[in-house]
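> Fold the stuff below for me.
(one chain, ligands or ions: 1)
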Amino acid sequence: MSERLRGEDAWLHDALARFAPGPGVRLGPGHDCAALDVEGGTVVTTTDVLVDGVHFELEACGAARAARKALAVNLSDLAAAAAHPAGFVVGAVLPRPPSRALFDELMGGFAAAAEELACPCLGGDTNAADGPLVLAVTVLGRPGPAGVVSRAGARPGDELSVTGPLGGSRAGRHLTFRPRVAEALALARAGVPHAMMDLSDGLGRDLPRLCRLSGVGATVDLEAVPVHPDARAQEGRSRLDAALGDGEDFELLVAHAPLDAERRAGLRAEGVTLVRIGHVRAGEGVRVRAGDVERRLEPFGWDHLEGEAGGPGGGSRA
Ligand SMILES: [Mg+2]
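Reported below is the predicted structural model:
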């Protein structure tokens, strides 16, 4: 691996080397979900930990919306695997002293989200500690019509598409977004995805991950990237930079064979809009193109362990 990993990717690369693959593991760590063969089938699973002050602001959004986000981000990972939700378990650490009102609002939020997002609660555990509210959700699912779709499988010549506009999610969308489960299943039914992931940390950081696991490179046409109206220019960063780096878009990034107009129309009839943003090529790394100018894109976007780093010009921000 000649590409240098940074931040969370480097930490995880070293950690994952410690774990031997177990029997029945169809898809191991590094993708949006893992898949385990059990008697009679395959279980798809994924987990996410959300912390007050990092992934939501409890005082501003309330516990019910934090709970909804905790389930929705997991279902977004499940969508990336084009899997059917089967249920979830939740671990909640309440700030000490634990408040009954907070607990009730939290569980009301999980109950409402379970119904809205069609994913029943299977159980969980509650604790209290001197710290912020922490919500750990694990979702279980069943493989969809195309089996378990992973981040590996993109091939040179594939198109790269996203299911919606990017950037500015923290203005509010990160609490209210609808995970693209139905869209992913429709794509899988149509046999479209070669590789797929959900965009949680920004296209600039997530696309290199998909490329790495697929063993390919990619070129992004910057003029084709759909920028959300909420994306804001600030501190020398353009709205396009926001679209590439803000993160928490929770749209799907799909590598697929080129689609003709008829197949695109068929997908649109199923409620799936695919916006083409570039293509997969042999080699490694991500290049961006604007007009006749093409250059390498250093991974940037949100890093969970080192914070926001890098920029579309490459290099780390001090
Ligand atoms: Mg993901």
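
> For the ion, give me its nearest residue in the protein.
Per CB to the ion, Asp32 is where the chain lies closest to the ion, at 3.9 Å. In this view, the C-beta of every residue, glycine as well, is placed from N, C-alpha and C.

> what about the stretch 151-300 of the chain, any weak spots by pLDDT?
Applying pLDDT under 70 to the stretch 151-300 of the chain picks out residues 299-300.

> please redo it, this time with the cut-off set to 80
Filtered on pLDDT under 80, the stretch 151-300 of the chain yields the residue ranges 298-300.

> Helices of that one, start to end?
173-176, 181-189, 203-214, 239-245, 261-269 (DSSP state H, counting those that start in this stretch).

> got JSON lines for these, with mean neighbour count and distance to Val51 too?
Formatted as JSON lines, the helices of the stretch 151-300 of the chain follow (neighbours: other CB atoms under 10 Å; distance: least, CB to CB, whole Å):
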{"stretch": "helix 173-176", "mean neighbour count": "18", "distance to Val51": "14"}
{"stretch": "helix 181-189", "mean neighbour count": "22", "distance to Val51": "24"}
{"stretch": "helix 203-214", "mean neighbour count": "24", "distance to Val51": "19"}
{"stretch": "helix 239-245", "mean neighbour count": "23", "distance to Val51": "21"}
{"stretch": "helix 261-269", "mean neighbour count": "12", "distance to Val51": "36"}
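
> near the ion, which residues of this structure?
Asp32, Asp77, Asp198, Ser200 (CB under 5 Å from the ion).

> about what we covered before: out of the helices of the stretch 151-300 of the chain, the one nearest Val280 is which?
Comparing the helices of the stretch 151-300 of the chain against Val280 with CB to CB, the closest turns out to be helix 203-214 (7.4 Å).

> Show me how far that closest one is from its chain's centre.
For helix 203-214, the separation from the chain centroid amounts to 11 Å (computed by CA atoms, centre = their mean, to the nearest Å).

> all strands of the stretch 151-300 of the chain, in order?
Listed in chain order, the strands found in the stretch 151-300 of the chain under DSSP state E, counting those that start in this stretch are 159-162, 193-198, 217-221, 252-256, 275-281, 285-290, 293-297.

> Please identify the deepest-packed of those.
Highest mean neighbour count of the strands of the stretch 151-300 of the chain: strand 252-256, a mean of 27 (counted as mean count of other CB atoms under 10 Å).

> list the contacts for the residue lying closest to Leu71 once chain neighbours are set aside?
Setting aside the residues directly before and after it, Leu71 is nearest to Ala113 in space (CB to CB, 6 or more residues apart in numbering), at 4.5 Å. With contacts defined as CB atoms under 8 Å, 6 or more residues apart in numbering, Ala113 is in contact with Ala67, Arg68, Leu71, Ala72, Cys119.

> Show the pLDDT at Ala113.
At Ala113, the pLDDT value in this model is 96.

> Check Ala318 too.
Value listed for Ala318 in the pLDDT field: 31.

> Reformat the residues of the chain next to the ion as CSV; add distance to Ala243.
Shown next, in CSV, are the residues of the chain next to the ion (distance: CB to CB, whole Å):
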residue, distance to Ala243
Asp32, 21
Asp77, 21
Asp198, 16
Ser200, 14
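
> Just give me the closest of those to Leu133.
Closest to Leu133, out of all of the residues of the chain next to the ion and judged by CB to CB, is Ser200, at 19.9 Å.

> Can you give me the neighbour number for the closest one?
23 (other CB atoms under 10 Å).

> Can you give the distance from stretch 11-29 to the centre of its chain?
How far stretch 11-29 lies from its chain's middle: 19 Å, per CA atoms, centre = their mean.

> try stretch 263-270
Using CA atoms, centre = their mean, the offset of stretch 263-270 from its chain centre is 23 Å.

> Just the C-alpha atoms of it, please, in CSV.
Only the C-alpha atoms of stretch 263-270 are listed here, as CSV (Å, rounded to 0.1, in the frame of the first residue of the first chain):
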residue,chain,number,x,y,z
ARG,A,263,-32.3,2.5,-17.2
ARG,A,264,-31.9,5.9,-15.5
ALA,A,265,-35.6,6.5,-16.2
GLY,A,266,-36.4,3.1,-14.7
LEU,A,267,-34.5,4.0,-11.6
ARG,A,268,-36.2,7.5,-11.4
ALA,A,269,-39.6,5.7,-11.5
GLU,A,270,-38.4,3.9,-8.4
